[in-house]
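Peer 1: when you get a sec, could you give me coordinates for this:
(chains A and B)
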Number of protein chains: 2
Amino acid sequence: MAALQLPAGSVGVVEPRSIYFAEPLKLASGASFGPYSLMVETYGELNAARSNAVLVCHALNASHHVAGIHADNPKDVGWWDNMVGPGKALDTDRFFVIGINNLGSCFGSTGPSSIDPATGTPYGAAFPVLTVEDWVNAQARVADELGIERFAAVMGGSLGGMQALHWAIAYPERLGHCVVVASTPRLSAQNIGFNEVARRAIITDPDFHGGNYYAHDTVPRRGLAVARMVGHITYLSDDDMAEKFGRAQRAPGADGAFRYGYDVEFEVESYLRYQGEKFSNYFDANTYLLITRALDYFDPSKDTKGDLARALGKVTAKFLVTSFTTDWRFPPERSREIVEALLRNGRPVTYAEIDAPHGHDAFLLDDSRYHELVSAYYDRIAKELDLGGRTASRLANGTAVIDAPAGGAL
Amino acid sequence: MAALQLPAGSVGVVEPRSIYFAEPLKLASGASFGPYSLMVETYGELNAARSNAVLVCHALNASHHVAGIHADNPKDVGWWDNMVGPGKALDTDRFFVIGINNLGSCFGSTGPSSIDPATGTPYGAAFPVLTVEDWVNAQARVADELGIERFAAVMGGSLGGMQALHWAIAYPERLGHCVVVASTPRLSAQNIGFNEVARRAIITDPDFHGGNYYAHDTVPRRGLAVARMVGHITYLSDDDMAEKFGRAQRAPGADGAFRYGYDVEFEVESYLRYQGEKFSNYFDANTYLLITRALDYFDPSKDTKGDLARALGKVTAKFLVTSFTTDWRFPPERSREIVEALLRNGRPVTYAEIDAPHGHDAFLLDDSRYHELVSAYYDRIAKELDLGGRTASRLANGTAVIDAPAGGAL
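Peer 2: Below is the predicted model of the structure:
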């Protein structure tokens, strides 16, 4: 079967809204936090049965703005616009899709840079450390607010996949399917190590001022840039970087001569510096700390002595788990741990390992095998829920999909 | 064959000496630099035929102090003491071993922190950017000074392996063997990327002062620590970090509770911070920049349009090339590029890929298969040169050694 061309549909101009929560949220740390607001965007229409809602959870630097564009900034396309839209893999003609900017982030939801009503100044260091569990609880409140008792699916990539997984653990009755892409059940020591490098770069930047840089009218821009640079390397595969940049020089002298200095010499340096600087101009440093720490902390098997199967014992959702072969940040082995734990619980799970060259970033890219896989999975959900619409599966050949029988072994 | 216990011999107390070079060194950049001094240590005795000398080249943070201890600091054991000594793999009872602290380093050789006689203040930013080629030329002058026309072998790991490789290219008549461990013919874009992260951390530290921090009586300690932390992660394998640290917490509360903050929470954070801080207390930041840049620049095939075989066309040395399976900084594929280029030139090369769990750091560790391999190789050299001494090969079973015939294919 030839790969079908996905329609280039877009949800068009979307308008985010802020939802206010007066009741404080009880946090994993034992503290409570509130009141607070969360930015929310939705795409498509909630059907009469309220059965077609899909929650899309975001990763480190993304937001509620999953798809479409904003009227005041047509260049600001949603971060998963290639996945979500009319006729796209997550088809907004059939599903009602929700994006929520997580608590503690910096895109309009209450976060460290928000004004603390108690002091009239930004929270800064006083903002609480949050966890994936806290985010999921806050998302559940948004669902309540929108009148959604049960999601057709909760979906996310990377850190977003952790949130989807926690939804299946904490609110089994509230989702039918869980779509976990390029994720992991817990960070490795190496993952935590890279996060710690990023945090040290930020915290030791003299402009950090113990997290209260807002009061000093500055930003730890140097630290944030270095943090982003190291993060960025871990999102790409070695091969992908070799392909994209290789050893190409930025502006070599005659005969390709080096310039013998510490300014940009190679294309890859230019790219990383640009990424770091761009990031440091829009992302909040305290949010970066908070989100990397939430990543570190997430471990559903912490209370089951490392037994992930036991941690997933109450899960009832069906799963699609997808990994990418060249993702060395959260490699396929990590996704397989989730799959195996589900199978040990007799849960139905579809697992796909996609041979894509783009490392961890592959989950955000427009790979037709990947999108056709997700599309086919949502076709199945739509059929289950009798949502109507297209029925032909678009699953291309050449994608290794393991549809494990309940109770089967991987 | 059971692995034999290597004798725990040590070269004992050694005394470094400084060699002064009045004549400036012509550099790859076109500039000249000098006069300068280099710190040198030697172990064993040069034989009457002057045929048993082995040069050991160091990597990023090491020095001339390869083996033994210094009388004034018995805890400061040489960085490759497990490899070099009486009865050890590189046996100082048979070979005369030389360690040289490279020009631009910070362990006694002239470097950025040395006083510029023209100004009476440290060179700082005025110190020239150096290359692997420059180091090898400076080492050749040391050899002249010591009366060594031809080395039995030039040997190095990582960046040291690049120097050994360049010796074989630039001075084919001056070495019989070239021992290249855990190295690469050129950095990948990912390698350069990590170096650039380290450099940005240092250069953007406000205490860097454009490289002239000596005059400000300070050190860019924060940047150096972050640089070292990121470097350190790349020296270890993911599995090794999982084994060493896993997700172990440093000082958990009751029931292993987290502390919900940005202080050390996991053992791996504590380890990396400690390594970073220790490093920032003894290593010169300008030297770090200089050495990472030399790493970036090294590429013997730059003038042969990427054709490494052509770049190695004049090589006459025999080679031992060794890599470690879990080294993701300079993985086995990179070593195989060297081997294949040599084979295409009909050069005899022994290649070993050692299945060690310790990542790039494995080249510094006491793995018996690795040391027995090197030991067997030096036995062969000793036999060729009729140096006498032990003859039994200690090559253990279980090490994949490919003794390729000249002109054969890998």
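
Peer 1: can you show me the helices along the stretch 1-150 of chain A?
Peer 2: A:132-145 (DSSP state H, counting those that start in this stretch).

Peer 1: can you list the residues of it near chain B?
Peer 2: Taking CB under 8 Å from any CB of the partner chain as the criterion, the stretch 1-150 of chain A approaches chain B at residues A:A28, A:S29, A:A31, A:P128, A:V129. For every residue, glycine as well, the C-beta is placed using N, CA and C.

Peer 1: mind putting the residues you listed in TSV, pLDDT, distance to B:A309 and neighbour count included?
Peer 2: Below are the residues of the stretch 1-150 of chain A next to chain B laid out as TSV (pLDDT from 0 to 100; distance: CB to CB, whole Å; neighbours: other CB atoms under 10 Å in any protein chain shown):
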residue	pLDDT	distance to B:A309	neighbour count
A:A28	97	58	18
A:S29	97	60	18
A:A31	97	64	14
A:P128	98	60	21
A:V129	98	55	21
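
Peer 1: pLDDT value on the residue nearest the centre of chain A, please?
Peer 2: Centroid check for chain A by CA atoms, centre = their mean gives A:A59 as the closest residue, at 2.5 Å. The model reports A:A59 with a pLDDT of 97.

Peer 1: same for the helix or strand hosting A:V374, what does it pack against?
Peer 2: Here A:V374 sits within helix A:368-384, counting by DSSP states H and E. Packing partners of helix A:368-384 (3 or more CB pairs under 8 Å, 6 or more residues apart in numbering or on different chains; DSSP states H and E): strand A:90-91, strand A:151-157, strand A:175-181, strand A:318-324, strand A:349-354.

Peer 1: mind giving me the packing neighbours of the first one?
Peer 2: Read that as strand A:90-91. Short answer (3+ CB pairs under 8 Å, 6+ apart): strand A:90-91 packs on helix A:368-384.

Peer 1: and the helix it packs on, what's buried?
Peer 2: A:368-379, A:381-382 (16 or more other CB atoms under 10 Å in any protein chain shown).

Peer 1: what is the nearest of those to B:A341?
Peer 2: A:R369 (35.9 Å; CB to CB).

Peer 1: right, and that closest one touches A:I354 too?
Peer 2: Yes - assessed by CB atoms under 8 Å, A:R369 is found in contact with A:I354 at 5.8 Å.

Peer 1: returning to what we had before: so can I have a markdown table of the buried residues of helix A:368-384 showing pLDDT?
Peer 2: Formatted as a markdown table, the buried residues of helix A:368-384 follow (pLDDT from 0 to 100):
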| residue | pLDDT |
| --- | --- |
| A:S368 | 95 |
| A:R369 | 96 |
| A:Y370 | 97 |
| A:H371 | 97 |
| A:E372 | 97 |
| A:L373 | 97 |
| A:V374 | 98 |
| A:S375 | 97 |
| A:A376 | 97 |
| A:Y377 | 98 |
| A:Y378 | 98 |
| A:D379 | 97 |
| A:I381 | 98 |
| A:A382 | 97 |
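
Peer 1: which single one of those is nearest to A:L308?
Peer 2: The nearest member of these to A:L308, counting by CB to CB, is A:Y377 at 22.3 Å.

Peer 1: distance check, the closest residue to the closest one other than its chain neighbours against B:Y43.
Peer 2: Of all residues not flanking A:Y377 in the chain, A:L320 sits nearest, at 4.7 Å (CB to CB, 6 or more residues apart in numbering or on different chains). Per CB to CB, to the nearest Å, A:L320 is found 61 Å from B:Y43.

Peer 1: next one: A:I115
Peer 2: Going from A:I115 to B:Y43 by CB to CB gives 67 Å.

Peer 1: give me the more crowded residue out of these two.
Peer 2: B:Y43 (25 against 12; other CB atoms under 10 Å in any protein chain shown).

Peer 1: tally of neighbours for A:T121?
Peer 2: Using other CB under 10 Å, A:T121 has 12 other residues around it.

Peer 1: which bits of the stretch 201-350 of chain A sit near chain B?
Peer 2: Counting by CB under 8 Å from any CB, the stretch 201-350 of chain A sits next to chain B at A:201, A:203-206, A:222, A:225-226, A:229-230, A:233, A:236, A:238, A:241-242, A:244-247, A:256, A:258, A:260-262, A:265-269, A:272-273, A:276, A:289, A:293, A:296-297, A:299, A:302, A:328.

Peer 1: report the buried members of those.
Peer 2: Buried members of those, scored by 16+ other CB under 10 Å, are A:201, A:203-205, A:222, A:225-226, A:229-230, A:233, A:236, A:238, A:241-242, A:245-247, A:258, A:260, A:262, A:265-269, A:272-273, A:276, A:289, A:293, A:296-297, A:299, A:302, A:328.

Peer 1: for stretch A:126-143, the distance to its chain's centre please.
Peer 2: Relative to its chain's centre, stretch A:126-143 lies at 15 Å (CA atoms, centre = their mean, to the nearest Å).

Peer 1: next: stretch A:312-322.
Peer 2: Distance, stretch centre to chain centre, for stretch A:312-322: 18 Å (CA atoms, centre = their mean).

Peer 1: endpoints of that stretch, how far apart?
Peer 2: End-to-end span of stretch A:312-322 (CA to CA, to the nearest Å): 18 Å.

Peer 1: what's the answer for stretch A:303-321, then?
Peer 2: Stretch A:303-321 has its terminal residues 23 Å apart, counting by CA to CA.

Peer 1: from what I can see A:V315 touches A:L343, true?
Peer 2: No - contact criterion CB under 8 Å: A:V315 and A:L343 do not qualify, at 11.5 Å.

Peer 1: looking at the buried residues of helix A:368-384, spot the one nearest chain B.
Peer 2: Minimum distance to chain B across the buried residues of helix A:368-384 is 23.0 Å, recorded for A:Y370 (CB to the nearest CB).

Peer 1: so how far is A:F107 from that closest one?
Peer 2: 26 Å.

Peer 1: and A:F324, by the same measure?
Peer 2: From A:F324 over to A:F107 the distance is 26 Å, taken as CB to CB.

Peer 1: residues contacting A:A62?
Peer 2: Applying CB atoms under 8 Å, 6 or more residues apart in numbering or on different chains, one finds that A:A62 lies in contact with A:W79, A:W80, A:G160.

Peer 1: nearest to chain B, of those residues?
Peer 2: Closest approach to chain B among the contacts of A:A62 (CB to the nearest CB): A:G160, at 21.0 Å.

Peer 1: hmm, A:H58 and the closest one touching each other?
Peer 2: Yes - counting by CB under 8 Å, A:G160 touches A:H58, with 5.4 Å between them.
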